[in-house]
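Novice: sequence plus predicted model, see below.
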Amino acid sequence: MQYTKLGRSNMSVSKICLGTMHFGTVTPEDESYRIMDKALEMGINFFDTANVYGRDAYCGRTEEIIGNWFQQKNGRREQTVLATKVYGNMMPAPPPNEEGGLSAYKVRKHAADSLKRLQTDHIDLYQVHHIDSRISLEEFWTTFDRLINNGDVLYMGTSNFSGWGLAKYQMYAWQHGMMGFVSEQCQYNLLSRYPELEVFPAARDFGIGIIPYMPLAGGLLTGKKKAEEGSRTKQVEKEYFMDLTSNQQVQDFSTLCQEIGETPHVVAIAWVLANPAVTSAIVGPRTVQHLDGLDRAAALQLAPEHMTRLNTLFNINTGRPLRAESEAPAAFAW
């Protein structure tokens, strides 16, 4: 397994991050344990979850499973860089102060609840699941800085933030002597390259490491998964597959992978990791077999000609620069 520093922090994380969204719903608890066992054996030390994961059973179920796994064997928690998230509501009909969003009142309780479910005394990376336009910068950073000063949280990260949002919040943190964010989690893959326009340039400039989720576009890039109506995979297919009814892109991609000598899922993840803004790619296995090849994906260095062909084949939603020499975020300027 390959390792790198998370953003501008000095904390080392594996280039593959274990996504746990399926734990407790699609993936039963015993299989979730086997997945985490195997991931740790492979050298994957970076685990990502959220307080709302497991919603189909009940919110918090996934964190509970991870906490139970930690308690099965001494040393597991110490070997794991643990990331979770806060923002969403945790109940079907949330009362006031429990609806989606952030406040000092809500975050204090939700952080304490996550710590209990995870059966740990601290969260290594606490991520804001979405940007909340209603909260003031003062309340936001006072709230999370208190968690850091108390030792409940080590580092702060974001998820689904815009480029301007990263800049706005990071500048305030730095101006007030705080470290600010070290990571941003966004959807990024060969079929969804929007983050290259604004998010990646901002993240690189502010020392924020990108940890993309859905690097396989929900399985579409493997050519094996059929998108079910209502699934996140179907969302990706509808939003980013455009009018390619023959799936010619995926067929051409499969041919290129054969030339490279690797499977599509290894090449797709290696392409994501090749972007200088990316720190670690989040892969959410449903079975222990889905971990196969992830160590190769972390180590694979795609040849320049292969990167060029991939970028040409999937030249989608990356913006059209008005000048050939323009790069994001100035791609639209004369």
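Specialist: Right, received. Where do you want to start?
Novice: mind listing the strands for this protein?
Specialist: 3-5, 12-14, 16-19, 46-48, 81-86, 123-128, 153-159, 181-185, 209-210, 281-283 (DSSP state E).
Novice: would you convert these into a markdown table that also reports distance to Glu63, mean pLDDT and mean neighbour count?
Specialist: For glycine as for every other residue, the C-beta is placed from the backbone atoms N, C-alpha and C. Putting the strands of the chain into a markdown table (distance: least, CB to CB, whole Å; pLDDT from 0 to 100; neighbours: other CB atoms under 10 Å) gives the following:
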| stretch | distance to Glu63 | mean pLDDT | mean neighbour count |
| --- | --- | --- | --- |
| strand 3-5 | 25 | 96 | 14 |
| strand 12-14 | 19 | 97 | 21 |
| strand 16-19 | 14 | 96 | 27 |
| strand 46-48 | 11 | 98 | 26 |
| strand 81-86 | 7 | 98 | 25 |
| strand 123-128 | 10 | 98 | 24 |
| strand 153-159 | 15 | 97 | 22 |
| strand 181-185 | 17 | 97 | 27 |
| strand 209-210 | 23 | 97 | 23 |
| strand 281-283 | 16 | 96 | 25 |
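Novice: make JSON lines from the ones you listed and add distance to Leu147 to it.
Specialist: JSON lines is the format used below for these (distance: least, CB to CB, whole Å):
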{"stretch": "strand 3-5", "distance to Leu147": "22"}
{"stretch": "strand 12-14", "distance to Leu147": "20"}
{"stretch": "strand 16-19", "distance to Leu147": "22"}
{"stretch": "strand 46-48", "distance to Leu147": "18"}
{"stretch": "strand 81-86", "distance to Leu147": "10"}
{"stretch": "strand 123-128", "distance to Leu147": "7"}
{"stretch": "strand 153-159", "distance to Leu147": "4"}
{"stretch": "strand 181-185", "distance to Leu147": "14"}
{"stretch": "strand 209-210", "distance to Leu147": "20"}
{"stretch": "strand 281-283", "distance to Leu147": "23"}
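Novice: any stretches of the stretch 101-250 of the chain with poor pLDDT?
Specialist: Across the stretch 101-250 of the chain, the ranges flagged by pLDDT under 70 are 223-246.
Novice: at 90 what do you get?
Specialist: Under the criterion pLDDT under 90, the flagged ranges of the stretch 101-250 of the chain are 191-194, 217-250.
Novice: thinking again about what came up before, what's the closest of the strands of the chain to Gln258?
Specialist: Closest of the strands of the chain to Gln258 is strand 281-283, at 21.8 Å (criterion: CB to CB).
Novice: the closest one pairs with which strands?
Specialist: strand 16-19 (parallel) (DSSP bridges).
Novice: gap between stretch 103-111 and the chain center?
Specialist: Stretch 103-111 sits 22 Å away from the centroid of its parent chain (CA atoms, centre = their mean, to the nearest Å).
Novice: list the buried ones in that stretch?
Specialist: Neighbour counts using 16 or more other CB atoms under 10 Å place Ser103, Lys106, Val107, His110, Ala111 of stretch 103-111 among the buried residues.
Novice: wait, the third one sits on Asp145?
Specialist: No: the pair Val107 and Asp145 fails to qualify as a contact (CB atoms under 8 Å) at a distance of 11.4 Å.
Novice: and stretch 198-212, what's buried?
Specialist: The neighbour-count check on stretch 198-212 (16+ other CB under 10 Å) flags 198-203, 206-212 as buried.
Novice: among those residues, which lie within helices?
Specialist: Judged by DSSP state H, the subset of those located in helices is Val199, Phe200, Pro201, Ala202, Ala203.
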